[in-house]
Every structure is written in C-alpha cells, then in structure tokens.
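Undergrad: coordinates for the following, if possible.
(chains A and B)
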Amino acid sequence: MDFGFLQNLATGFGAALSFNNLGFALMGCLLGTLIGVLPGIGPIPTIAMLLPITFGLDPLSSLIMLAGIYYGAQYGGSTTSILVNIPGEASSIVTCIDGHQMAKQGRAGVALGVAALGSFFAGCVGTVFIAAFGPPLASIAQEFNAPENFSLMLLGLVTAVVLAHGSVIKAIGMVLVGLLFGLVGTDVNSGLTRYTFGVSELWDGIDFLPLVIGMFGIVEIVRNLERGTLPRAQIYTGLRELWPSVQDFKDSWRAVLRGTGLGSILGILPGGGAVLAAFASYTVEKKLAADPSRFGKGAIEGVAGPESANNAAAQTSFIPLLTLGLPSNAIMALMMGAMIIHGIQPGSAVMTKRPDLFWGMVASMWIGNLMLLVINFPLIGIWVRLLSVPYRLLYPAILLFCVIGIYATNTNIAQLVMTAVFALFGYILVKFECEPAPLVLGFILGPLMEENLRRALVISRGDPKIFLESWISIVLLALTVLVIVLIVLPQIRKSREQAFQE
Amino acid sequence: MRASSRLLCFALALLVPGAAAAQDYPSRDYPRQDIRLVCAFPAGGGADVLVRHFAEKLRPIVNRTVIVENKAGAGGNIATEYVARAKPDGYTIYVHAGSAVAANQSLFKKPPVDVLRDIRVAATINRQPFMLVVDARSPYKTVADLTAAMRQKGDKASYATSAPTGRIMGELYKTAMDLKAVEVNYRTASDSLNEMMSGRIDYGMHEPVFALAQAREGRFRILAVGTGKRLDALPDQPTMTEVGIPMDLTVWWAAMVPAATPKPIVDKINAWFVQMVSSEETKTFLNNFGGDPNISTPEQAQALFERDVKAWGDYVRLARIEPM
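TA: Reported below is the predicted structural model:
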C-alpha cells in the first residue's frame, strides 16, 4: 500500500489548521447542529441560502464551512430522532426506532452519548478511508450501472422488513404502501404523471419532509397527548446516568465497528447510500444479536451501529464528488455548485491541480468531527433536560418548527396539507400496530429501484439476463435470496410450533 | 383570545395596503420595496444557484433587499403560474430558462397559463447548448463517424437523454439521419455516467455543465452542440447544423415578469440585467455553466420567446412526446 497519503494529509492539515479555517469549521458545525436539532429545517436549504455569502470567501474556507454544516446536521438530526422521534433526514430514521425507546426509558443521555462517540469514530475512519482509498473506491462505484443498482435496491427493500419488530406480514405491507407512495409523480422513463389526480403539486411526487414529519413527529405528539397524564419517563440529570457506562461501551463497540465498515462502503454509492448504510447496519445488528427481541425496545446497538454507519457514509459520499465530479446526493450537488462558483471543476483534477484544497477539505472533515464531539458532548445534558420541559410548552414549539421547516423549503401550502394527511394516516397505522419505518424506506428506495429496473430492461431490450451479467449484481441478488430465507424460516418454524401446540 | 384578535388586526393590516396600491404602479420611483426573484427549483436544487447569483448582484444595484423565493414543482409550471398571477408591479421577477417556459406550453396537456398572454420577457441572461457526447475512448471522432456506426448497429444502438431538450435533440438527430437507436431516459445527466462509460450506451444528449466537466476529465468527447450558432465559450465545437443535422435548440435564461407590467418598469429591469450580464464576473460565472452571456432588448427577448413557444409545438409533435 502506498503511504503517500500521510504526506498528503499533512499538507491538508497545514491548510485546514489556519486560524480562519478553524473558525469557519466551527461556525459550520455550530450552524449545522442548530439546524439539525430544529425539526424540518434541513441542511439543504441552509447550505443553499448560505451559498451566496460564500462567494466572497476563499474556496477552501467556504467548502470547509459548508461541509461543517453537513456533518453538524447529521449530528443534530440524531438528537431530535432520539429525543422527540423526529428524524431530520432519511438516514436518521433508523435511529428513531431504538434511540427514542431509550429516551423513554430515561436513557436519552446514554443514547446521545453513544451516537456522538460512534459518529466521531466513524468520522475518523471515514476521513482516513477517503485519504487512502478514495480513487480506487471511486472506480468500484463506477461499476454500479442500472442492473447493479436495481439489485442493491432490491436487497435494501427486502432487508427493510427486518426493521419491524412486530409482524412480518405487516412490515411487507408497509414496504408496499411505501412503494406506492413513491410512484406518485412524473415517471422518468415515459414522462407521464401517475396518481396525481390532476393536482399539480403532486407532479414532482411526494416530498420526503411532509411524509416523515407527519408520520413520525406529529403522530408521536398525538400519541403522547392521548396518554394524557400518565407518568412521564423519568429524566435523570445525574452525571452517572447521563454518560454511557462501561457496560454500554461493551455492548456497542462491535456495532460501531460494523456500522463504520458498512457506512464507509455504502456511502460511495450514488442515491440512497447513507440511508442504506444506516439500516443495513441495523439489520446486521439485529440478526447478530443474541436476543433480537430487544430491538425496537431500546437496544443500544440499534443506535450505535446505524449512527456510525450514517456518519461514515456522510464522509465517504464525498468520494464520487471529489474523484469523479459526480454528486451522490442533494447536498453534494450543492457543494459541487459551490465549487463551480469558485471556478473549481469538481473531479479528479482537484486532487492534482489543487492538492491544498482537496487535502485541506479531507483534513477539515476530521477537524469538524472533533469539533462536533466537543460541541455536542457538553450539550447532551441540556438536550436531556429539554425533555423535562412541560408538554404544553414543548409540543407547540415542536409543531411550530415543523410547520416553519416544511413551509420554508418551498413556500408552498400544499406541503402543509400533505403533512396533515400523513399525520392522520400515520395515526391510523399506529392504531393498527403497523410501523412507519419500512414504509419510509419503501418510499425512498422504491422509485430508485423502479427507475433502474426499467432502465436496465430498456438497455437489454427486455432481456432479464442482464441482471446476471455482472458479479456485483449476482452477489447482491444472492444476498437478497439469503435474507428472504432468513426472514421466512423462523416464520415457518414458528407456525409449525403453533401447530404442534394446538 | 387577545392574541387571536391581535393576529386578526395584523392580518388586516397586511391586506389593506395591498388593496390600496392596486391598479396604479408608478414606475418613476420604482423600486420602492423589496424585490422577489422567483426560482422554479427547490432551494439548492437545479440551477437555484444561478438565481441566487443574480439576487446577490442585484442587491447593490437597486439598494433594496432582494429575496429568492423558491416555487418548485410541476416542471416549473408552479413558478410560472405564480408569476403570471402576481401583481404586474415589477416586484416579482421570474428568473428561469425562458426556453423551458416556452417548451412547457407544449409539453403539458393543460398548461396552467397561456404564457404568450400572461408572461413577458424583460431581459435575456445567457444561451447554453445541449451537447452530443460519446465516451472519449470510443473511435467516433466526428458526428459522421458516429452516424455511420449507428446506422450499422440499427436498433441495437442506445443513447442517453435527460431533460426535454435532450430528448428532442436525440429525436431530431435520429429523424435527420434515419437512425433506429433506442432512447434511455435519466433523471439527471450525471446518473448516466456509469452506463455511458460501460459501453452499453453509445452516445448521449447532455446538458453543458455535466458534459463539459466530464470532457475536461477526459471521459467524454463532445462531438457537436445543438445551438444554431457556435458558442463564444466553445469556439471549436461545431454545431449540429454545420454537420448536416439542422436544429437550433438553445437553452436561454431570462428575467420574466407578468405580461401587464408597465413598459418603463420592464425597461428598468432590462437595464439592470444588461448591467449584470455584461460584468466580467458574471461572464465567468456563466461560462462555468457552459454558456455565453446573452444580452438583448425587451423586444428581442419577447420575439425569441414567441419563436420558441411555436418551435416547441413542432418539436413535441416531431418527437412524438405525449403531453402530460
């Protein structure tokens, strides 16, 4: 292996450690944490609005600040997932499942602490990963064409079923409903609109925010209000209960390692990389656990794994941008815009023509992660105390921020109507004990899967053998079959046991 | 109780000046209030950054706050409708591709407004080409090479498109050269990179930012541009017309206002954009997006708009695109 990257990293730290750049990193991280914590206000509009301000800055400083916002929002997003069950973005949905349960058991501090430490570790590994393997990894990502993408999404959807801790049938149903929601809007292949009922607001499909905030955030509030004056989860403010104990570390370090590995690899794939990483990690943890029934009831591995995975993926998602000039998600597209504004063409040329910029950014990723840890650890106590704010003050405030966040993204009332509809729908699902997480994953992955399926078949002129032409696709399909077997077998065994009992 | 009545008063106070100011839009002291630039992309999406660039540059010229208002959705129709129904007082300016607004009139079964009647182009901003590109490792050095090879390949040939302009360009090429290549649609041009490079796709009709970036990386070879005339930013690239496939597919950005906006205000907006577009900084900015600055009078701009609305009617029929 070539250790030249260490030399390069040193160049990078030299550039990133200037007083100015540290200041911008800090500013980005603070801002990111803040918007991450406010439900509904995501990093995309924030970065978009700050973009013009960065016109006048040095390119490295502005990229460092924007990147800081991005990681900061990732950290902040897990905070709201854990505390109030509102995922700020798709990749922290999985954190809600066990993280919020932990908070309800009075272990919010532990969940936040593990999430922060896991993310920091993953961030460090991700940084080294980019430095050492960036270019070769990018060439793997290039092997992902329509057939491979389809197989990957299929695997993702099948594993989504494992997310549910209740009935498998209901989980499959939820994935399918999510797929249907994902179909709404203009079809890429034919340009025709589907399920829009002539409502022009639906032509671009259903937005992620109204769906998630309606089904998670608002439903959570309604459920809590419904319980009325039941005793609240006890909030510990003593230091001992706030920090993860030695036992907690023992329980979670393996999950952190596995999550980091999964995240680093899946992050480089375009599209749903970070989302896939988070719940692939959850699936793995649940399958490996001695007692899978703890999951969904506050298992610490269910927080540690996915949080590490999504942060590692957040780091490595820079690889396609920095090496191929391909943005792998909306935020990367914005960063690409920022580079273009500064007259830098994203792509491998950045590494050779502007090594200070490339390596400075890589170094700043590590610095940003360290800053986030330093900012967030002391804040955990404050966040946890937030939970002791009376519901009559806390809930209206959360609702207000949700509404502002959704409206501000597109200044469109229709989005608020959709949020209300999804809140109602989510409430009905809760009453039928159907879980929303598989639905959201179906919603996100379904359209990507369909697009790639149809594209692959157009390219092969309708011949399904195209899915068996590359080893990547074959391996992914084989894994899919394996997961199906793993899901189905215990069911069969269970029903046989029930039959014996009768 | 008290709070709600106060809210009501506040809401009324907001309504009243709006009602009083109607009808009469004095252009002498325009602009007297904040200006909104309407963007048809979500914050951060698409070419949102281009709109924000002009918001930033307009601020010192008008000495007023310039707000970017994102009205995304329905392929830009939501923003178009919003602007068409806005007060024609010059405080709502739509910064978007005029060619796309013209195209939507034919791409949709029931366009929300009649753009020729409801929208007026105050100033043009740039002109951008779509590009015919191939894998740089492919043997095709010219459009003629590609055409010959694609004739041989018949219906086994495939090409990538994104966006309506790319689809039309593909159809015009196929019709002119009698090719049977199969179109593969992508949501964004960059989604197609892996397949373009794997050899499964023979060529692509792509937007300039993506095509230029990949050409610079040495992955693509640009064979021709779809505009009627060569671009100053790319003087060496032949047009499709020059190589025997007549077409004039130009993406042009513009500042648009409701049709009833008084002429003096339209002229003032035109003067601002001429000033911004002629600056060296904006020229570099536009070149980075693969286009030339494009300056015209309000009349020339409106004529271009009318021409494109008509042309797109023909394109959509030719390409047999089913209107939405």
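Undergrad: for the residue in chain A that chain B sits nearest to, give me its contacts.
TA: The nearest approach of chain A to chain B comes at A:A48, 3.3 Å away (CB to the nearest CB). Quick note: C-beta positions are derived from backbone N, CA and C, even for glycine. By CB atoms under 8 Å, 6 or more residues apart in numbering or on different chains, the residues touching A:A48 are A:334, B:43-44, B:48-49, B:52.
Undergrad: can you put the residues you listed in a markdown table and add pLDDT, secondary structure and distance to B:F273?
TA: Below are the contacts of A:A48 laid out as a markdown table (pLDDT from 0 to 100; DSSP: H, G, I helix; E, B strand; the rest coil; distance: CB to CB, whole Å):
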| residue | pLDDT | secondary structure | distance to B:F273 |
| --- | --- | --- | --- |
| A:L334 | 74 | helix | 25 |
| B:A43 | 70 | coil | 22 |
| B:G44 | 63 | coil | 23 |
| B:D48 | 80 | helix | 18 |
| B:V49 | 80 | helix | 17 |
| B:R52 | 86 | helix | 15 |
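Undergrad: ok so, going back, next one: the residue of chain A closest to chain B, what pLDDT does it get?
TA: For A:A48, the pLDDT comes out at 70.
Undergrad: secondary structure element for it?
TA: helix A:43-54 (DSSP states H and E).
Undergrad: what comes up buried for that helix?
TA: A:43-52, A:54 (16 or more other CB atoms under 10 Å in any protein chain shown).
Undergrad: repeat that for stretch A:119-135.
TA: Buried residues in stretch A:119-135 (16+ other CB under 10 Å): A:119-134.
Undergrad: what's the domain layout of chain B?
TA: According to automatic domain parsing, chain B comprises the domains B:29-125+B:252-318, B:133-225.
Undergrad: between those, which gets nearest to chain A?
TA: domain B:29-125+B:252-318 (3.3 Å).
Undergrad: could you tell me the end-to-end distance of the closest one?
TA: End-to-end distance of domain B:29-125+B:252-318: 48 Å, with CA to CA, to the nearest Å as the criterion.
Undergrad: just the C-alphas of the helix holding A:A48, formatted as PDB.
TA: C-alpha atoms of helix A:43-54 as PDB (Å, rounded to 0.1, in the frame of the first residue of the first chain):
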ATOM      1  CA  PRO A  43     -29.100  21.200   5.700                       C
ATOM      2  CA  ILE A  44     -30.100  21.600   2.100                       C
ATOM      3  CA  PRO A  45     -32.000  24.900   2.300                       C
ATOM      4  CA  THR A  46     -29.400  26.200   4.800                       C
ATOM      5  CA  ILE A  47     -26.500  25.500   2.600                       C
ATOM      6  CA  ALA A  48     -28.400  26.900  -0.400                       C
ATOM      7  CA  MET A  49     -29.100  30.100   1.500                       C
ATOM      8  CA  LEU A  50     -25.500  30.500   2.700                       C
ATOM      9  CA  LEU A  51     -24.100  29.800  -0.700                       C
ATOM     10  CA  PRO A  52     -24.100  33.400  -1.900                       C
ATOM     11  CA  ILE A  53     -22.400  34.500   1.300                       C
ATOM     12  CA  THR A  54     -19.500  32.200   0.500                       C
END
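Undergrad: roughly how far is it from the heart of the chain?
TA: Centroid separation for helix A:43-54 versus its chain: 20 Å, with CA atoms, centre = their mean, to the nearest Å.
Undergrad: do the same with stretch A:136-145
TA: 21 Å.
Undergrad: give me the residues contacting that stretch.
TA: Under CB under 8 Å, 6+ apart, the answer for stretch A:136-145 is A:129, A:152, A:265, A:268-270, A:316, A:319-320, A:323-324, A:456, A:470, A:472, B:193-195, B:197-198, B:200.
Undergrad: and if we set it to 6 Å?
TA: When contacts are defined by CB atoms under 6 Å, 6 or more residues apart in numbering or on different chains, stretch A:136-145 is touched by residues A:268-269, A:319-320, A:323-324, A:472, B:194-195, B:198.
Undergrad: and stretch B:176-193, by the same measure?
TA: Against stretch B:176-193 from outside (CB under 6 Å, 6+ apart): A:188-189, A:326, A:455, A:458-459, B:147, B:150, B:154-155, B:157-162, B:170, B:204, B:206-207, B:210, B:245.
Undergrad: wondering if stretch A:439-452 reaches chain B at all.
TA: No - using CB under 6 Å from any CB of the partner chain, we find that stretch A:439-452 stays clear of chain B, coming within 6.8 Å at best.
Undergrad: pLDDT on that stretch, on average?
TA: 84.
Undergrad: gap between that stretch and the chain center?
TA: 15 Å.
Undergrad: circling back to that earlier point, and the furthest pair within the buried residues of helix A:43-54?
TA: A:P43 and A:P52 (16.4 Å; CB to CB).
Undergrad: so can I have CSV of the domains of chain B showing mean neighbour count?
TA: Formatted as CSV, these follow (neighbours: other CB atoms under 10 Å in any protein chain shown):
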stretch, mean neighbour count
domain B:29-125+B:252-318, 20
domain B:133-225, 20
